[in-house]
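> make a model of this:
(chains A, B, C and D)
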There are 2 protein chains.
Amino acid sequence: MLNDRSLAVSQECANCPIKHRAVCARCDGNELERLEEIKYYRKFEAGQTVIWSGDRMDFVGSVVSGIASLTQTMEDGRTQMVGLLLPSDFVGRPGRGTAAYDVVATTDLVMCCFRKTPFEDLMSKTPHIAQRLLEMTLDELDAAREWMLVLGRKTAREKIASLLSIIARRNATSGGTGFKNTVVFDLPLTREAMADYLGLTLETVSRQISALKRDGVIELEGKRHVTIPDMYRLLEEAGDDADGGVFA
Amino acid sequence: MLNDRSLAVSQECANCPIKHRAVCARCDGNELERLEEIKYYRKFEAGQTVIWSGDRMDFVGSVVSGIASLTQTMEDGRTQMVGLLLPSDFVGRPGRGTAAYDVVATTDLVMCCFRKTPFEDLMSKTPHIAQRLLEMTLDELDAAREWMLVLGRKTAREKIASLLSIIARRNATSGGTGFKNTVVFDLPLTREAMADYLGLTLETVSRQISALKRDGVIELEGKRHVTIPDMYRLLEEAGDDADGGVFA
DNA sequence: CGTCTGATTGAGCTCAGTCAAATTGGGTGG
DNA sequence: CCACCCAATTTGACTGAGCTCAATCAGACG
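Alright, predicted model coming up:
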């Protein structure tokens, strides 16, 4: 089966698709061997919950493929996504015993997990891991702060444009020939997930997407396949400085 | 002068008021000596800008006393606070050359600074610093995510209550005798700063504070001195689980 | 072909924003 | 000590972006 195949492929760190960006990116051969001893893969289907907030968490790990989301929920059911986990992103916090957020597989998901205690031991002996984790955590903090500006100060239209920019930036295959600022991708999120990301209702998300389509900022094929004919235009709509050269 | 005195007092790491919580908290005597060699103090008055976003940043440092804020500004002037820096909090990012945010002294401020390059060198040789910085960054990330829930999903009233809770939790001297959930503190932020923190306008902040006062959730003496007669009540208003035992 | 989930669209309402006018309170100079 | 000034804050009236409730639509799957 495809699933078995894909697992088999990623079984070896040497072939791992995220080896250049994950927590283990800085590790040398020896360190990788140690990690390899304590690692194991877990797969989740779209919609499945990886962990519930408050649950005991005895592993940490990296997203290998697929997308997961970190969400917080209030007693009355209001929910806010607080993290979007893409391949190579790290899940879990060394030194903490319980999950602070719900982690949900947004798409089918493969994770490379390490039992927490051995990982922590290894980390204390392996500065390369801690270094890389610090770097990644600082990046996440920057992303979170960017996101706070979106949540606190942007309009619904700007929020949608911002989210599309973010996804485009990561997921993008520039469509067509030559030098162009056209970008094409598939939305990995439902309208509801987008709403939870942006602090909106799903109706507002839908309306704003329709409006952006009507205004020619985006093109849709089906509900999920998106074409951005002019990335600069989208960045403008997002309220971001469409400043520096190519979006990189 | 008082200023000189307070500087003199904190000149030695041994007497430093934040030594247990700052980046240097894990350092041993030897490591502290090295840090001491490259450190220097800087003072800012309330309202002064410490750094502008985009500026070259050749130092990093810790807040020793006072409060600073990290803010992001859009071209049209909308601003969002993305970090509130209290004593012991770290400013700057090792490995980055320019400031990503505006840093502004919200009150009079004393910082313990390190030139960036020597600090980075020291950090690569001193796991204790990197360890502590990782810990602090993970805490900040948690705080940022908490804040994202506030920005994305809470009502104006809940936002104000949340902010007051946060300040109360840190700044608090429980007022009066015996076991009680009464808390007293001075607001270190103007209405405008609170608005920037919470993604509101200053008028809305003012209105909601008035409403909370009217409803007996808080008491005001002057504009800044706040009494929380019942901390649990406030936590309820914040929409947080007023769950676990004493707020700790 | 019915069903079910996700998405779109509409109508009306509400909370928070905008614009504008008081009010407060601390600081200053006479 | 008092009159005045200025910045911060409060309050009011009105507006509108985004929410709620509800109906409809589209595509996937059995």
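> hang on, A:E203 in a helix?
Yes. Assessed with DSSP: H, G, I helix; E, B strand; the rest coil, A:E203 lies in a helix.
> ok, then the element right after the helix-or-strand element of chain A with minimal mean pLDDT?
Least confident element among the helices and strands of chain A, by mean pLDDT, DSSP states H and E: helix A:2-10 (a mean of 47). Using DSSP states H and E, the helix or strand that directly follows helix A:2-10 along the chain is helix A:29-38.
> run through who's touching that following helix.
A:E12, A:C13, A:C24, A:C27, A:F114, A:R115, A:P118, A:F119, A:L122, A:T126, A:H128, A:I129 (C-beta atoms under 8 Å, 6 or more residues apart in numbering or on different chains). From N, CA and C alone the C-beta is placed, and that goes for glycine too.
> over to stretch A:85-93?
Taking C-beta under 8 Å, 6+ apart as the rule, stretch A:85-93 contacts A:17-18, A:21-23, A:50, A:57, A:59-70, A:83, A:99-100, A:103, A:111, A:116, A:133, A:136, A:140, A:170, B:138.
> restricted to strands, list the residues you listed.
In this view, those that belong to strands under DSSP state E are A:50, A:59-65, A:68-70, A:83, A:103, A:111.
> which among those count as buried?
Neighbour-count burial (16 or more other C-beta atoms under 10 Å in any protein chain shown) applied to the ones in strands among the contacts of stretch A:85-93 gives A:50, A:59-65, A:68-70, A:83, A:103, A:111.
> from those residues, which are also near DNA strand C?
Among those, not one lies near DNA strand C by C-beta under 7 Å from any atom of the strand.
> would TSV of those residues with distance to B:A238 be doable?
Formatted as TSV, those follow (distance: C-beta to C-beta, whole Å):
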residue	distance to B:A238
A:V50	28
A:F59	32
A:V60	30
A:G61	33
A:S62	34
A:V63	32
A:V64	38
A:S65	38
A:A68	28
A:S69	24
A:L70	21
A:G83	22
A:V103	24
A:M111	34
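> ok so, going back, just give me the closest of the ones in strands among the contacts of stretch A:85-93 to B:D240.
Ranked by distance to B:D240 (C-beta to C-beta), those are led by A:L70 at 18.2 Å.
> run through the bridge partners of that closest one.
Beta-bridge partners for A:L70, by DSSP bridges, are A:G83, A:V103.
> pretty sure it sits against A:G83.
Yes. If you go by C-beta atoms under 8 Å, A:L70 and A:G83 touch, sitting 3.3 Å apart.
> residues contacting the residue nearest to A:A238 when sequence neighbours are not counted?
Of all residues not flanking A:A238 in the chain, A:A161 sits nearest, at 3.9 Å (C-beta to C-beta, 6 or more residues apart in numbering or on different chains). Applying C-beta under 8 Å, 6+ apart to A:A161 gives the contacts A:L212, A:V217, A:L234, A:L235, A:E237, A:A238, A:G239.
> against A:Q208, how distant is the third one?
For A:L234, the distance to A:Q208 under the criterion C-beta to C-beta, to the nearest Å works out to 13 Å.
> who has more neighbours, these two?
A:L234 (24 against 20; other C-beta atoms under 10 Å in any protein chain shown).
> let me know the helix or strand that the more buried one is in.
Here A:L234 is assigned to helix A:231-237, by DSSP H and E.
> is that helix anywhere near chain B?
No. Helix A:231-237 lies out of reach of chain B by C-beta under 8 Å from any C-beta of the partner chain, never closer than 10.3 Å.
> now do that helix: which elements does it pack against?
helix A:156-171 (3 or more C-beta pairs under 8 Å, 6 or more residues apart in numbering or on different chains; DSSP states H and E).
> just to revisit the earlier point, how about a markdown table for the ones in strands among the contacts of stretch A:85-93, with pLDDT added?
Listed next are these as a markdown table, based on pLDDT from 0 to 100:
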| residue | pLDDT |
| --- | --- |
| A:V50 | 96 |
| A:F59 | 96 |
| A:V60 | 97 |
| A:G61 | 97 |
| A:S62 | 97 |
| A:V63 | 97 |
| A:V64 | 96 |
| A:S65 | 94 |
| A:A68 | 96 |
| A:S69 | 97 |
| A:L70 | 97 |
| A:G83 | 97 |
| A:V103 | 97 |
| A:M111 | 96 |
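> which one of the residues you listed is nearest DNA strand C?
Distance to DNA strand C across the ones in strands among the contacts of stretch A:85-93 (C-beta to the nearest atom of the strand) is lowest for A:S69, with 14.0 Å.
> can you give me the distance of that closest one to A:G47?
11 Å.
> common neighbours of the two, please.
Going by C-beta under 8 Å, 6+ apart, residues that sit against A:S69 and also against A:G47 are A:V104.
> what stretches of chain A score poorly on pLDDT?
Residues of chain A meeting the criterion pLDDT under 70: A:1-10, A:172-180, A:242-248.
> let's see it at 90
A:1-12, A:14, A:95, A:169-181, A:222-224, A:240-248 (pLDDT under 90).
> what do A:L70 and A:G83 both touch?
A:Y101, B:R145.
> distance between the helix holding A:L234 and the chain's centre?
22 Å (C-alpha atoms, centre = their mean, to the nearest Å).
> buried sites along it?
For helix A:231-237, by 16+ other C-beta under 10 Å, it's A:M231, A:R233, A:L234, A:L235, A:E237.
> how near is the fourth one to B:R78?
If I follow you right, that is A:L235. Relative to B:R78, and taking C-beta to C-beta, A:L235 is found at 16 Å.
> got the CA coordinates for stretch A:65-77 in PDB?
C-alpha atoms of stretch A:65-77 as PDB (Å, rounded to 0.1, in the frame of the first residue of the first chain):
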ATOM      1  CA  SER A  65       4.100  15.300   6.100                       C
ATOM      2  CA  GLY A  66       0.700  16.800   6.300                       C
ATOM      3  CA  ILE A  67      -0.600  19.600   8.400                       C
ATOM      4  CA  ALA A  68      -1.700  19.800  12.000                       C
ATOM      5  CA  SER A  69      -3.100  22.600  14.000                       C
ATOM      6  CA  LEU A  70      -2.700  23.800  17.600                       C
ATOM      7  CA  THR A  71      -5.900  25.100  19.000                       C
ATOM      8  CA  GLN A  72      -7.200  26.600  22.300                       C
ATOM      9  CA  THR A  73     -10.800  26.300  23.300                       C
ATOM     10  CA  MET A  74     -12.800  28.300  25.800                       C
ATOM     11  CA  GLU A  75     -15.400  26.600  28.000                       C
ATOM     12  CA  ASP A  76     -18.200  28.000  25.900                       C
ATOM     13  CA  GLY A  77     -16.700  26.500  22.700                       C
END
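> how far off centre is it?
12 Å.
> that stretch and DNA strand D, are they touching?
No. Stretch A:65-77 is not in contact with DNA strand D by C-beta under 7 Å from any atom of the strand; minimum separation 9.9 Å.
> now do that stretch: everything it contacts.
So stretch A:65-77 is contacted by A:6, A:10, A:17, A:44, A:46, A:50, A:53, A:79-87, A:91, A:101-111, A:188-189, A:193, A:196-197, B:145-146, B:148-149, B:153, B:239, B:241 (C-beta under 8 Å, 6+ apart).
> likewise stretch A:106-120?
So stretch A:106-120 is contacted by A:6-7, A:10, A:16, A:18, A:22, A:35, A:38-46, A:48, A:50, A:57-69, A:91-92, A:94-95, A:122, A:188-189, A:193 (C-beta under 8 Å, 6+ apart).
> mind listing what's buried in it?
For stretch A:106-120, by 16+ other C-beta under 10 Å, it's A:T106, A:T107, A:D108, A:L109, A:V110, A:M111, A:C112, A:C113, A:F114, A:K116, A:F119.
> and that stretch, end to end?
Start to finish, the residues bounding stretch A:106-120 are 28 Å apart (C-alpha to C-alpha, to the nearest Å).
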